[in-house]
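In: this one's structure only:
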């Protein structure tokens, strides 16, 4: 990692944050290992509790392993749908629910993505010591023209997942983040107005821009 | 929020990520409300589960309220030290433990900082739907020349904290982030080599740059 590598992350931070999208349709084209390295260096710079650095990233680029993992991911995704929505097949997903339509597509295709990042913590810290790093990871990927989306797994597959990647029992899983070049044009994300989700001085206190 | 506002976040994202520091010594000078607004707009752009947007930010700029909160924060900080390290007074903190020396200073001074952001979720999502936004918040602050540090509270003060800011029972607290102009020069953060914390294809699998 040289200063020249960091210069590849040239996108103004405002552009990066305001244009970041969750990208679920990724090309199979490989992600160069030097970009994976740069993304991980950027990720670990995020703050973590007491700088104890309990965060661990496992990046998988082995095509056969990703294919094998894809089957597990598909099973986990449908286990969550059954549990949360009662859905058991594609026809159960409302046609106008773009989010789940799109993520069901990812569940079918994730075996073909070029890279999957898994975020963990080992004892010494939890979510608050790894999720900020995951956001750095996704923003850095976006600034390099790569798409990503934070996803989770489901208890039903966790034993097999740990076995597949030799993940020790005391490591806590947080995020599964597929990364690749987008197959779609990125549209701006849609959020509720901050005047509805942000407060001044007390809960429900109106912000001046409301 | 206009495109001109976003242009204030001009810092290249690599510079922002690689120079971000946890800043615990902040000037009392006020943070302009338009920067607070910009920071919050950037924050909510981070991904969240299913775009259900359970994240809530409460920003406090009222000096009297921050002063009152400062007393609670000090109590919470020492409650954590007693619990985690058995420390009950400043002399118990090892002189060479820069992290805790510095954060004990923040515990004394937080009542004088110009702005404190509190991050919550309401039912519909948890840490994974708000901590990425907190990282956007801190990176955006840094790109605007503002320092910040993610901190937590302690169960012993939570009832009084909720009462102080009228926080409803079903809102989950995640982070307390004081923000202000740094009183110190920022040195680069120190991290273990990524070759020790990042793996390829399997747990403990060596990355090519190791």
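Out: Arrived safely, thanks for sending. What you see is a predicted model, and the numbers here were worked out from it, not measured in a lab.
In: what helix or strand is residue A:81 on?
Out: Here residue A:81 sits within helix A:63-84, counting by DSSP states H and E.
In: could you do residue A:174 as well?
Out: If you go by DSSP H and E, residue A:174 is part of strand A:172-180.
In: quick check: closest non-adjacent residue to residue A:82.
Out: Leaving aside its chain neighbours, residue A:82 sits nearest to residue A:88 (5.6 Å; criterion: C-beta to C-beta, 6 or more residues apart in numbering or on different chains). Every residue, glycine included, has its C-beta placed from N, CA and C.
In: er, residue A:149 I mean
Out: residue A:22 (4.1 Å).
In: quick one, phi/psi of that neighbour?
Out: Here is the backbone geometry of residue A:22 (degrees, to the nearest 10): phi -80, psi 120.
In: likewise the one 5 residues further on?
Out: Here is the backbone geometry of residue A:27 (degrees, to the nearest 10): phi -70, psi 150.
In: next: residue A:58.
Out: In this entry, residue A:58 is assigned phi and psi values of phi -110, psi 120 (degrees, to the nearest 10).
In: ok, now residue A:48?
Out: Per degrees, to the nearest 10, the residue geometry at residue A:48, taken as phi and psi, is phi -150, psi 160.
In: and the strand holding residue A:174, average pLDDT?
Out: Taken as a whole, strand A:172-180 carries a mean pLDDT of 98.
In: buried stuff in the next helix or strand after that strand?
Out: As assigned by DSSP H and E, the chain's next helix or strand after strand A:172-180 is helix A:194-197. Along helix A:194-197, these residues count as buried under the neighbour rule (16 or more other C-beta atoms under 10 Å in any protein chain shown): A:194, A:197.
In: all strands for chain A, in order.
Out: Under the criterion DSSP state E, chain A contains strands at A:55-60, A:115-121, A:147-148, A:172-180, A:198-200.
In: next one: the residue nearest to the spatial centre of chain A, what pLDDT does it get?
Out: Note on chain A: the residue nearest the mean C-alpha position is residue A:150, at 2.2 Å, using C-alpha atoms, centre = their mean. With respect to pLDDT, residue A:150 has a value of 97.
In: now do the contacts for it.
Out: Contact criterion C-beta atoms under 8 Å, 6 or more residues apart in numbering or on different chains gives A:22, A:134, A:138, A:175, A:176, A:177, B:47, B:128, B:132 as the residues in contact with residue A:150.
In: tell me the one of the residues you listed nearest residue B:169?
Out: residue B:128 (21.6 Å; C-beta to C-beta).
In: pretty sure the closest one contacts residue A:173?
Out: No - here residue B:128 does not reach residue A:173: they are 11.4 Å apart, not a contact under C-beta atoms under 8 Å.
In: neighbour-wise, which of these two wins?
Out: Neighbours per residue, other C-beta atoms under 10 Å in any protein chain shown: of residue B:128 and residue A:173, the larger number sits with residue B:128, 20 against 16.
In: residue A:78 and residue A:107 touch, don't they?
Out: Yes - between residue A:78 and residue A:107 there is a contact at 7.2 Å, judged by C-beta under 8 Å.
In: so which of the two has more stuff around it?
Out: residue A:107 (21 against 18).
In: quick check: the gap between that one and chain B.
Out: The span separating residue A:107 from chain B equals 14 Å under the rule C-beta to the nearest C-beta, to the nearest Å.
In: list the contacts of that residue.
Out: So, once contact is read as C-beta under 8 Å, 6+ apart, residue A:107 ends up touching A:73, A:74, A:77, A:78.
In: same question, residue A:26
Out: Residue A:26 neighbours (C-beta under 8 Å, 6+ apart): A:109, A:113, A:114, A:147, A:178, A:179, A:180, A:181, A:182, A:183.
In: please repeat the previous calculation with a cut-off of 6 Å.
Out: A:113, A:147, A:180 (C-beta atoms under 6 Å, 6 or more residues apart in numbering or on different chains).
In: who's it bridged to?
Out: Using DSSP bridges, the beta-bridge partners of residue A:26 come out as residue A:182.
In: any weak-confidence spans in chain A?
Out: Residues of chain A meeting the criterion pLDDT under 70: none.
In: re the thing from before, residue B:83: which of the contacts of residue A:150 is nearest?
Out: Comparing every one of these with residue B:83 (C-beta to C-beta), the shortest separation belongs to residue B:128, at 25.7 Å.
In: surely residue A:52 meets residue A:124?
Out: Yes - here residue A:52 reaches residue A:124: they are 4.6 Å apart, a contact under C-beta atoms under 6 Å.
In: list the contacts for residue A:157?
Out: When contacts are counted by C-beta under 6 Å, 6+ apart, residue A:157 is found next to A:72, A:75, A:76.
In: leaving out sequence neighbours, find the closest residue to residue A:15.
Out: Distances taken as C-beta to C-beta, 6+ apart place residue B:6 nearest to residue A:15, at 7.3 Å, with adjacent residues excluded.
In: count the neighbours of that neighbour for me.
Out: Residue B:6 has 19 neighbours, counted by other C-beta under 10 Å.
In: now do the buried residues in the helix holding residue A:81.
Out: Of the residues in helix A:63-84, those buried under the neighbour-count criterion (16+ other C-beta under 10 Å) are A:65-66, A:69-70, A:72-78, A:80-81.
In: packing partners of that helix?
Out: Using 3 or more C-beta pairs under 6 Å, 6 or more residues apart in numbering or on different chains; DSSP states H and E as the contact test, the elements touching helix A:63-84 are helix A:155-165.
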